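Trainee: here is a sequence with its predicted model. Questions after.
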Amino acid sequence: MKWTIITDSSCDLFSRDCSTNDVEVASVPFILQIGARTFRDDDQLDRSEMLSLLSQGVASKTACPTPEDWLTQFRKPGNIIALTISAHLSGSLNSAMVAKQMVLAETPNKQIEIIDSKSAGPELALCVEQLEIWIHRGLSFDDVVAKTRQFIQGAHTLFVLKSFNHLIENGRISKVKALLAHTFKILGIGYGNRNGEIGIKDKTRGTKKAIRRLIQLMQTDGFDGGKVCISHCDNPTFVQTLKQNILNCWQNTEILVLPTKGLCSYYAEQGGVIISYH
């Protein structure tokens, strides 16, 4: 049986790197409007050019994938599982649901499941990895869906940002939280809660203190080794130090490092780092 795992481009995993003969991984793009330029967040995105324009402070906004984008993927043969960015952050889930109803009107018995990841970025990448494992083990469609939902409940996401400007300007953080975010002098530490909303956890001065705080938060969440995915917007030095500190604490940890794609680069901004673990 052919399977297709579809994410929106909030997932930092590039589909070309993980598709196999029986499991295809596909992505539907967000649209990034920066000044007069429109960028489609797919594998052809010129991220450097996009970030360069953003650094000029021009007006910008994002738009979620359209139902038509999802529809093209949902019409592929076989089982379909779609993962979307948190419904609290975008209308991507709603677009996917519209497309699902259109396909089911054409093919009533087709198996399509849409799952709200309640997150973004590296957490979706971890989830895609697990989906592939369960599919290759021969689990049924219903079992894969159930395990995916359970996995999401046990996952955690933290992030370290130098700027919260785009999160604030696009209404992704409330006015009260935005006021707190603006008080950060160097690095702000945030998190995604279980409802898929963004919160502010802490502020810190300097890389060492930020990494120490991240390790403490991972310990508080009960992390005891396992899988970690780190996405970053052009901050390899911080990521390498964080990776080594994680391995020093938990040797039985598998760490995947990814560059942020367009959407997460837009919101994390230059130097931003997102960490997900299960």
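Mentor: Arrived safely.
Trainee: my read is that Lys2 contacts Gln111, right?
Mentor: No - look at Lys2 against Gln111 with C-beta atoms under 8 Å: they stay out of range, at 11.2 Å. Where C-beta positions appear, they are placed from N, C-alpha and C, glycine not excepted.
Trainee: ok, these two, which is more surrounded?
Mentor: Shown here are Lys2 and Gln111; by other C-beta atoms under 10 Å, Gln111 has more neighbours (16 against 12).
Trainee: which residues touch the more buried one?
Mentor: Gln111 makes contacts with 79-80, 141, as judged by C-beta atoms under 8 Å, 6 or more residues apart in numbering.
Trainee: if I look at it, how far off is Tyr266?
Mentor: Separation of Gln111 from Tyr266 (C-beta to C-beta, to the nearest Å): 33 Å.
Trainee: show me where the stretch 151-278 of the chain has strands.
Mentor: Along the stretch 151-278 of the chain, counting by DSSP state E, counting those that start in this stretch, strands occupy 156-161, 187-192, 198-204, 226-232, 253-259, 273-277.
Trainee: before we move on, the earlier item: wait, which of the contacts of Gln111 is closest to Arg40?
Mentor: Ile80 (22.1 Å; C-beta to C-beta).
Trainee: and that closest one, what are its bridge partners?
Mentor: Thr4, Ile112 (DSSP bridges).
Trainee: show me the contacts for it.
Mentor: Ile80 makes contacts with 3-4, 6, 73-74, 110-113, as judged by C-beta under 8 Å, 6+ apart.
Trainee: switch the residues you listed over to a markdown table; also include distance to Lys100 and pLDDT.
Mentor: Formatted as a markdown table, the contacts of Ile80 follow (distance: C-beta to C-beta, whole Å; pLDDT from 0 to 100):
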| residue | distance to Lys100 | pLDDT |
| --- | --- | --- |
| Trp3 | 16 | 96 |
| Thr4 | 13 | 96 |
| Ile6 | 11 | 97 |
| Gln73 | 11 | 97 |
| Phe74 | 6 | 98 |
| Lys110 | 9 | 97 |
| Gln111 | 11 | 97 |
| Ile112 | 5 | 98 |
| Glu113 | 9 | 98 |
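Trainee: of these, which is the most crowded?
Mentor: Counting by other C-beta under 10 Å, Ile6 has the largest number of neighbours within those, with 27 neighbours.
Trainee: host element of that residue?
Mentor: Secondary structure from DSSP states H and E places Ile6 in strand 3-8.
Trainee: before we move on, what about Val145?
Mentor: Applying DSSP H and E, one finds Val145 within helix 141-153.
Trainee: determine how far that helix lies from the middle of the whole chain.
Mentor: Relative to its chain's centre, helix 141-153 lies at 18 Å (C-alpha atoms, centre = their mean, to the nearest Å).
Trainee: mind listing what's buried in that helix?
Mentor: 141, 144-145, 148, 151-152 (16 or more other C-beta atoms under 10 Å).
Trainee: widest-spaced pair of those?
Mentor: Phe141 and Ile152 (17.1 Å).
Trainee: which one of the strands of the stretch 151-278 of the chain lies nearest to Asp46?
Mentor: That would be strand 253-259 among those, by C-beta to C-beta, at 13.1 Å.
Trainee: quick one: the closest one to strand 226-232, angle?
Mentor: Going by axes from the mean of the first three to the mean of the last three C-alpha atoms, to 10 degrees, strand 253-259 is angled at 20 degrees with respect to strand 226-232.
Trainee: who does strand 253-259 pair up with?
Mentor: Strand 253-259 has these strand partners (DSSP bridges): strand 226-232 (parallel).
Trainee: dump the residue contacts of Leu217.
Mentor: Counted by C-beta under 8 Å, 6+ apart, Leu217 has contacts 158, 189, 191, 201.
Trainee: let's see 7 Å
Mentor: Listed by C-beta atoms under 7 Å, 6 or more residues apart in numbering, the contact partners of Leu217 are 158, 201.
Trainee: give me the distance between it and Gly35.
Mentor: Counting by C-beta to C-beta - Leu217 and Gly35 are separated by 36 Å.
Trainee: just the closest of the contacts of Ile80 to Val273, please.
Mentor: Nearest to Val273, judged by C-beta to C-beta, of the contacts of Ile80 is Ile6 at 26.1 Å.
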